[in-house]
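*Asks:* have a look at this prediction, sequence included:
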Amino acid sequence: MQIGISGLTPNDIAVKTIKTVLDDYGLSSVYTGYKTRKDLDCIIVTGGDRGVRNYFHKTQDAQIPVLGVGESESSGFLAQIDLKEFSSIVNRIKKSDYAISEFSRISVKIDGKPIYPVLNDVAVFSSKSAMLMEHVLRVNHEEVWHDSSDGLIISTPIGSSAYSMSAGGPMIFQDSPVFGIVSVNSLDITRRPLIVHDTSIIEVDDISSRLFCEVVLDGVDRFRINNILECTKSVPSVKVIKIKKDSTAVSALTKKVKLAEDLLNMPPSSKLLLKTLEFEGSMTQKDLVTKTLLPDRTVRLALRHLLDKGYVKKKISIRDSRQKIYEISRPSLLKPE
């Protein structure tokens, strides 16, 4: 068995730790970064959920199964394994004792230029928050609506429980062959989210605002857009190794409903941060500002509220001791009974 390791650098603490453990178990491994190698049985990616998404943004080959490894006590969706428990699951890797889940991605073209495929969502907003954006939505070249709203979100099934859900979109079962489309705070009070088949061609054009508009991919990278966004299904799907058994989609939905009831009186900004941390895993304050598009001051106050209530805890990053990392401190609230 030949195992690849992908992380920030070959000298990264997590990369070194994983390689040492694999060596101790007699498994051959090599640092690959984002380069493609056909001789690998699987690739271990550090950095939690964000690390896995970043890997799929940059790699040219999505066919090799990926095992995500995080560095916090709470596991993520794509990266179920914590670095501290990695040694306990190596024998399962050695025996190929795991499941492989396949997830669809969205191919993106901005003004005709191809960008990398995304795992979660594609968002279009004015470059200044709370400023209206006018746009036309077309599905399979047929106009669906001409709308004025704060923006638009197109999500995959796994992205449907993140930013899209916070904006009023539906939660989509993971194996559903569909994409979700949400117009954020539309001036048309009858506007509702859409579900379209993942073979559809989704176009957002005639985009305009008082300032220029931007496309945000997976809550990370921003690209200026002049006129048209085109989204289609990316082929092939990505493969993610699952060591732990996931809860069913129904249980996951029940979990979110219970969480919503429990936190009914929480300020909207705090709810958004909590949902983001639930889906993304551990994040810095800067990461939360980038992902949620909330002002820095709003994120700071929301984090203080969540810390005071005990929903979130902070700790020092093992990568950079100057950085604080925030994560959910009461995971039992997020688990189905």
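*Replies:* Yep, that arrived.

*Asks:* check which helices and strands the helix or strand encompassing Arg138 is in contact with.
*Replies:* Element membership for Arg138 (DSSP states H and E) is strand 133-139. In terms of contacts (3 or more Cβ pairs under 8 Å, 6 or more residues apart in numbering; DSSP states H and E), strand 133-139 is packed against strand 121-126, strand 142-149, strand 151-155, strand 202-209. Using the backbone N, CA and C atoms, a C-beta is placed for each residue, glycine as well.

*Asks:* of those, flag the one that's most buried.
*Replies:* strand 151-155 (a mean of 27; mean count of other Cβ atoms under 10 Å).

*Asks:* just give me the neighbour total for Ile158.
*Replies:* 21 (other Cβ atoms under 10 Å).

*Asks:* can you tell me the SS state at it?
*Replies:* coil (DSSP: H, G, I helix; E, B strand; the rest coil).

*Asks:* name the next helix or strand downstream of the least confident helix or strand in the chain by mean pLDDT, please.
*Replies:* Ranking every helix and strand in the chain by mean pLDDT, DSSP states H and E puts helix 249-262 at the bottom, with a mean of 58. Downstream of helix 249-262, the next assigned helix or strand under DSSP H and E is helix 268-280.

*Asks:* can you give me the buried ones in that following helix?
*Replies:* Within helix 268-280, the residues that qualify as buried are Ser269, Ser270, Lys271, Leu272, Leu273, Leu274, Lys275, Thr276, Leu277, Glu278, Phe279, Glu280, counting by 16 or more other Cβ atoms under 10 Å.

*Asks:* so what touches that helix?
*Replies:* 49-50, 76-77, 161-163, 165-166, 219, 259, 263, 266, 283, 287-288, 291-292, 294, 298-299, 301-303, 305-306, 311-312, 326-328, 334 (Cβ atoms under 8 Å, 6 or more residues apart in numbering).

*Asks:* and the helix or strand that that helix is followed by, which residues are buried?
*Replies:* Using DSSP H and E, the next helix or strand after helix 268-280 towards the C-terminus is helix 285-292. When burial is assessed from 16+ other Cβ under 10 Å, helix 285-292 yields the following buried residues: Gln285, Asp287, Leu288, Val289, Thr290, Lys291, Thr292.

*Asks:* quick one, what contacts Ser209?
*Replies:* Ser209 sits next to Ser126, Ser127, Met131, Leu132, Met133, Glu134 when contact means Cβ under 8 Å, 6+ apart.

*Asks:* mind putting those residues in a markdown table, pLDDT and distance to Asp97 included?
*Replies:* Converted to a markdown table, the contacts of Ser209 look like this (pLDDT from 0 to 100; distance: Cβ to Cβ, whole Å):
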| residue | pLDDT | distance to Asp97 |
| --- | --- | --- |
| Ser126 | 92 | 49 |
| Ser127 | 88 | 48 |
| Met131 | 86 | 52 |
| Leu132 | 93 | 53 |
| Met133 | 95 | 49 |
| Glu134 | 96 | 53 |
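
*Asks:* returning to that earlier point: need the helices and strands packed on strand 133-139 in JSON lines (columns: distance to Ser176).
*Replies:* Listed next are the helices and strands packed on strand 133-139 as JSON lines, based on distance: least, Cβ to Cβ, whole Å:
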{"stretch": "strand 121-126", "distance to Ser176": "15"}
{"stretch": "strand 142-149", "distance to Ser176": "20"}
{"stretch": "strand 151-155", "distance to Ser176": "12"}
{"stretch": "strand 202-209", "distance to Ser176": "16"}
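
*Asks:* the ones you listed: which one's closest to Arg192?
*Replies:* strand 142-149 (10.2 Å; Cβ to Cβ).

*Asks:* neighbouring strands - and their directions - for the closest one?
*Replies:* As defined by DSSP bridges, the strand partners of strand 142-149 come to strand 133-139 (antiparallel).

*Asks:* and the angle for the partner strand with strand 151-155?
*Replies:* Computed with axes from the mean of the first three to the mean of the last three Cα atoms, to 10 degrees, the direction of strand 133-139 lies at 30 degrees from that of strand 151-155.

*Asks:* orientation of strand 133-139 relative to strand 121-126 in degrees?
*Replies:* Using the same axes, to 10 degrees: strand 133-139 against strand 121-126 is 140 degrees.

*Asks:* residues making contact with strand 133-139?
*Replies:* Here strand 133-139 has contacts from 124-126, 143-152, 181, 183, 194, 196, 200-209, 213, using Cβ under 8 Å, 6+ apart.

*Asks:* contacting residues for the closest residue to Asp188 other than its chain neighbours?
*Replies:* Counting by Cβ to Cβ, 6 or more residues apart in numbering, Asp147 is the residue found nearest to Asp188 once chain neighbours are left out, at 6.3 Å. By Cβ under 8 Å, 6+ apart, the contact set of Asp147 is Glu134, His135, Val136, Leu137, Ser183, Ser186, Leu187, Asp188, Arg191.

*Asks:* and the gap between Asp147 and Glu134?
*Replies:* Distance of Asp147 to Glu134, given as Cβ to Cβ, to the nearest Å: 7 Å.

*Asks:* how about Ser317?
*Replies:* From Ser317 to Glu134 the distance is 41 Å (Cβ to Cβ).

*Asks:* okay then, goodbye and thanks.
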